[in-house]
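K.L.:
Give me a 3D structure for the following:
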Amino acid sequence: MAGSQRFLDSSCISVLEPWYIPSLNFLEGSSKLYCWGALTPYITSYLRKYDPSLTYRDTVIVFLLCPAAQTIGMPIGGAIERRYGPRVTALVGVWFMSFGVFISYYATSLLQLVSTYGFMYGIGMGIAYMNPIQCGMRWMPKRKGIISGIVVTGFGLGGAMFNVI
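P.N.:
You can find the predicted model right below:
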């Protein structure tokens, strides 16, 4: 099979179909982790209504737990991707991330925020994070380093752009 034909037959090419619009939510949603410094004053002041002794140092635990939860979600995402494919993996990851952020709106304590925004959002980010990297490596097997670098750079740049907004 010719190289271009193999590229077109890749199982990951289907992620480019219009159905895959949730990927935009992933790029936007995953950037929120890198915006935690900008969000902390607002979240801390909101939680102070329920616990006046809360400080900025206390809310840093959410930022610390999110990447830890992401490492738990990565093998889960790999297993889902192998069994069901990249579409379902991205969708499950985005659902976890979105639901974690949505339900954190109702948090009235630091523990609730840690559970929703820190843990649930982090698990979803881990599930969805490896998906674009795996697909990129399948599309360009001879350029795995550059393609993973481009994907991870986009992930970080999303946070830089979201901070400005």
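K.L.:
So the most centrally placed residue in the chain, which state does it fall into?
P.N.:
Residue closest to the mean C-alpha point of the chain, counted by CA atoms, centre = their mean, is residue 125 at 2.9 Å. Secondary structure for residue 125, judged by DSSP: H, G, I helix; E, B strand; the rest coil, is helix.
K.L.:
what's the least confident helix or strand in the protein, going by average pLDDT?
P.N.:
For the chain, counting by mean pLDDT, DSSP states H and E, helix 3-8 ranks last in confidence among helices and strands (a mean of 45).
K.L.:
Contact partners for the nearest residue to the residue nearest to the centre of the chain once chain neighbours are set aside?
P.N.:
Of all residues not flanking residue 125 in the chain, residue 70 sits nearest, at 4.9 Å (CB to CB, 6 or more residues apart in numbering). Placement of C-beta: from N, CA and C, glycine included. Going by CB atoms under 8 Å, 6 or more residues apart in numbering, residue 70 touches 122, 123, 125, 126, 129.
K.L.:
if you set the cut-off to 10 Å instead, what comes out?
P.N.:
Applying CB atoms under 10 Å, 6 or more residues apart in numbering, we find residue 70 in contact with 30, 33, 77, 121-130.
K.L.:
May I see the PyMOL selection of the buried members of those?
P.N.:
Only the buried entries of the contacts of residue 70 go into this PyMOL selection, using 16 or more other CB atoms under 10 Å:
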select buried, resi 30+33+77+121+122+123+124+125+126+127+128+129+130
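K.L.:
Can you add pLDDT and give the contacts of residue 70 back as CSV?
P.N.:
Putting the contacts of residue 70 into CSV (pLDDT from 0 to 100) gives the following:
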residue, pLDDT
30, 61
33, 72
77, 92
121, 91
122, 91
123, 94
124, 92
125, 89
126, 90
127, 91
128, 86
129, 83
130, 82
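K.L.:
May I see the contacts of residue 70 arranged in JSON lines, with distance to residue 95 as well?
P.N.:
Shown next, in JSON lines, are the contacts of residue 70 (distance: CB to CB, whole Å):
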{"residue": "30", "distance to residue 95": "13"}
{"residue": "33", "distance to residue 95": "17"}
{"residue": "77", "distance to residue 95": "12"}
{"residue": "121", "distance to residue 95": "11"}
{"residue": "122", "distance to residue 95": "14"}
{"residue": "123", "distance to residue 95": "11"}
{"residue": "124", "distance to residue 95": "7"}
{"residue": "125", "distance to residue 95": "12"}
{"residue": "126", "distance to residue 95": "13"}
{"residue": "127", "distance to residue 95": "9"}
{"residue": "128", "distance to residue 95": "9"}
{"residue": "129", "distance to residue 95": "14"}
{"residue": "130", "distance to residue 95": "16"}
